[in-house]
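Participant: need a structure here:
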Amino acid sequence: MSSAQLGPDVDVVIVGAGISGIDFAYRLNQRNPALRYVILEARAALGGTWDLFRFPGIRSDSDITTLSFPFRPYRGEKSIVDGATIRRYVDETARHYGIDRHIRYGHSVVATDWSSATARWTVQCDVAGERVTFTCGFLLACAGYYDYARGHAPEWPGSAAFGGRLVHPQFWPDDLDVSGKRVVVIGSGATAVTLVPALSKDAAHVTMLQRSPSYVASLPSRDGLANSLRKRLPRRLADALVRWKNVAYSSLMYRLARRRPERFRALLRGGALRALGTAYDKSRHDVDVHFNPAYQPWDQRLCVAPDGDLFKALREDRATVVTGRIAEFTPGGIRLESGEELPADVVVSATGIAMQFFGGVDLTVDGEHVDIANRLVYKGMMLDGVPNFAFAFGYTHSSWTLKVDLNARYVAKLLRHMKRRGFASATPVPRSSELTREPLVGLTSGYVQRAAAKMPQRGAHMPWRTHDNYALDFLALLTSRIDDGTLQFAPAKISPANTS
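Facilitator: Numbers count the residues shown, from 1 in each chain. Below is the predicted model of the structure:
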């Protein structure tokens, strides 16, 4: 059935047309070519994160080889690429496979309800102020993990009196020109580390004001070995080798960080010293003050500086790092608790995201609200007690797409199994011995801790947790059974008209 013929009743509804939604659509159609699906996207364009964020320097911390879809590898020269390149790649992939024809833009999902009587989901959308309803057998939430409508923005004393511009990176103004201006970027995470070198190219000076440091690793933006392999080997072989090389490297670094944190800390400290060089003012850029956090490596996400761009901006005195707490805003800038004043024409609040699961949509089963904070996550993608529902959630210490693609392949396998066996629904049901609960995300980052009470949880053992290791999760996908005794199936009901 062509996308033009699709009505409001389909087999699968996918919410979100970012990387996750496009990946799920491809995998579902690959294994179930007759499947009827629609992608509901609240925004006017696909791309998700990479269409929303437009601040200067926006890029991914993950290498594009593992961030890209395994079924359509990215083959550019750069390994760390900018947001516009990622957005263009996602758009080209959707058009290449005809997935774009299944997307309904401007469809903001506002309510979902599962009916046990019909074994169907009812999905209600707001479309330009009007209510539009879809029904489906399986619902997939691919809307990411944060609120697109708001970021985390603390209230600072005196901010209303500030005479310059105060902006949040999630809503970067098109008319903002920092040329010749003094800029203060509040924050020390990935967004701040990205913004500071980008803004310092035009600004009079940029100050990165951090309450506490983050680990920053300087990595090359180009992968010489990968580019060499692509020139010497057949495409498919080179793609596979480069992908698994990068998977193995990131896994090794993560394991080293968790098992030998002091050694890994020393590696990062030494890298920062080398990147800063000897020709800068060490009294202002003390590594142990500004780049040596109190927490252990990978308790929070590791920040990446492609080709050491942040350190280069510091060396060239285009930027400065200041570690301290804000006392108040003043008409001309920011005063710290230490008494130091930071003059500013523009202040950027790179203070993080507001986490939100399933696009903030309320899930109900037979009219009853589902409190996701009290639910266990099955195989990293389904909720206990919620039939025919799965969500995309990637790795926090590696490429998001690696895990999402495994999610998508499992759901495609599940749907094929259900169709062959004549099942109408599949519901994860924990045994009493599996009720031990742990946080779904183990990071101590502020945005995670602020949302901890609203997140679903994971169990202590499989299948209520994953390995958090791509190679092991990949093997589990290939070898695990769908009918594992935990996933409970219900047969399709036969209407009296179809009985003899």
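
Participant: Can you give me the domain boundaries for the chain?
Facilitator: 3-148+354-498, 153-350 (automatic domain parsing).

Participant: Can you lay out these as JSON lines showing mean pLDDT?
Facilitator: As requested, those are exported to JSON lines (pLDDT from 0 to 100):
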{"stretch": "domain 3-148+354-498", "mean pLDDT": "91"}
{"stretch": "domain 153-350", "mean pLDDT": "93"}
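
Participant: need those in CSV with mean neighbour count, can you?
Facilitator: Glycine gets a C-beta too; all of them are placed from N, C-alpha and C. Formatted as CSV, these follow (neighbours: other CB atoms under 10 Å):
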stretch, mean neighbour count
domain 3-148+354-498, 18
domain 153-350, 17
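
Participant: Skipping its backbone neighbours, what lies nearest Ala453 in space?
Facilitator: Ala373 (6.2 Å; CB to CB, 6 or more residues apart in numbering).

Participant: Pretty sure the one you found sits against Met455.
Facilitator: Yes: using CB atoms under 8 Å, Ala373 is in contact with Met455, at 6.4 Å.

Participant: Validate this expectation: Thr112 resides in a strand.
Facilitator: Yes: counting by DSSP: H, G, I helix; E, B strand; the rest coil, Thr112 is located in a strand.

Participant: separation between the residue lying closest to it once chain neighbours are set aside and Trp114?
Facilitator: Take Thr112 and drop its neighbours on the chain: the residue closest to it by CB to CB, 6+ apart is Val123, 5.2 Å away. Separation of Val123 from Trp114 (CB to CB, to the nearest Å): 10 Å.

Participant: Packing partners of the longest strand along the chain?
Facilitator: Ranked by residue count under DSSP state E, the longest strand found in the chain is strand 130-141. Where contact means 3 or more CB pairs under 8 Å, 6 or more residues apart in numbering; DSSP states H and E, strand 130-141 is packed against strand 9-15, strand 37-41, strand 108-115, strand 120-127, strand 389-391, helix 400-421.

Participant: Following element in sequence after the first one, please.
Facilitator: Heading C-terminal from strand 9-15, the first helix or strand you meet, by DSSP states H and E, is helix 19-31.

Participant: quick one, that next one and helix 400-421 angle?
Facilitator: 40 degrees (axes from the mean of the first three to the mean of the last three CA atoms, to 10 degrees).

Participant: how close does Val90 get to Gly359?
Facilitator: From Val90 to Gly359 the distance is 18 Å (CB to CB).

Participant: same deal with Tyr410?
Facilitator: 21 Å.

Participant: Give me the contact list for stretch 169-185.
Facilitator: The set of residues external to stretch 169-185 that reach it, using CB atoms under 8 Å, 6 or more residues apart in numbering, is 52-56, 150-151, 165, 167, 191-192, 195-196, 199, 202-209, 333-334, 342-350, 353.

Participant: what about that stretch, start to end distance?
Facilitator: 10 Å (CA to CA, to the nearest Å).

Participant: now stretch 288-298
Facilitator: Terminal residues of stretch 288-298 lie 18 Å apart, using CA to CA.

Participant: for Leu475, helix, strand, or coil?
Facilitator: In three-state terms, and counting by three-state DSSP, Leu475 is helix.

Participant: Quick one: name whatever helix or strand follows the one helix or strand Arg269 maps to.
Facilitator: Counting by DSSP H and E, the element that carries Arg269 is helix 261-276. Once the chain leaves helix 261-276, the next helix or strand it forms, by DSSP H and E, is helix 287-290.

Participant: Can you tell me what sits against that next one?
Facilitator: By CB under 8 Å, 6+ apart, helix 287-290 touches 210, 213, 269, 272-273, 276, 321, 323.

Participant: The top helix by length along the chain versus helix 400-421: what angle between them?
Facilitator: For the chain, the helix with the greatest residue count under DSSP state H is helix 235-259. Here helix 235-259 points in a direction 110 degrees away from that of helix 400-421 (the same axes, to 10 degrees).

Participant: So which elements touch helix 235-259?
Facilitator: helix 64-67, helix 224-232, helix 261-276, helix 470-479.

Participant: Just give me how far it sits from the chain centre.
Facilitator: Computed by CA atoms, centre = their mean, to the nearest Å, the separation of helix 235-259 from the middle of its chain amounts to 19 Å.

Participant: Please name the strands paired to the longest strand of the chain in the sheet, noting orientation.
Facilitator: Strand 130-141 pairs in its sheet with strand 9-15 (parallel), strand 120-127 (antiparallel), strand 389-391 (parallel), by DSSP bridges.

Participant: How far away from the center of its chain is the shortest one?
Facilitator: Read that as strand 389-391. That offset, for strand 389-391, works out to 16 Å (CA atoms, centre = their mean).

Participant: what does the first one give?
Facilitator: Taking CA atoms, centre = their mean, the mean C-alpha location of strand 9-15 is offset from the chain mean by 22 Å.

Participant: One more: stretch 14-21?
Facilitator: Worked out by CA atoms, centre = their mean, stretch 14-21 lies 12 Å from the chain centre.

Participant: Use 14 as the first number for this chain going forward.
Facilitator: Okay, residue one is now 14; in that scheme the one you just asked about reads as stretch 27-34.

Participant: Just the CA atoms of that stretch, as CSV, please.
Facilitator: Provided in CSV are the C-alpha atoms of stretch 27-34 (Å, rounded to 0.1, in the frame of the first residue of the first chain):
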residue,chain,number,x,y,z
ILE,A,27,6.0,5.9,15.0
VAL,A,28,6.1,9.1,17.0
GLY,A,29,9.1,11.3,15.9
ALA,A,30,11.0,11.7,12.6
GLY,A,31,14.5,12.0,14.0
ILE,A,32,17.3,9.5,13.7
SER,A,33,15.4,7.0,15.9
GLY,A,34,12.1,7.2,13.9
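
Participant: Show me the contact partners of that stretch.
Facilitator: With CB under 8 Å, 6+ apart as the test, stretch 27-34 has contacts from 37-38, 50-54, 56, 59-64, 80, 82, 103, 107, 116, 118, 122, 136, 152-157, 371-372, 374, 405, 407, 413-414, 417, 420-421.

Participant: now swap in stretch 455-464 and tell me
Facilitator: Here stretch 455-464 has contacts from 159, 165, 202, 308, 312-314, 365-369, 409, 454, using CB under 8 Å, 6+ apart.

Participant: coming back round to it: would you reformat the strands paired with strand 143-154 as CSV and include distance to Ala97?
Facilitator: Shown next, in CSV, are the strands paired with strand 143-154 (distance: least, CB to CB, whole Å):
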stretch, distance to Ala97
strand 22-28, 24
strand 133-140, 28
strand 402-404, 27
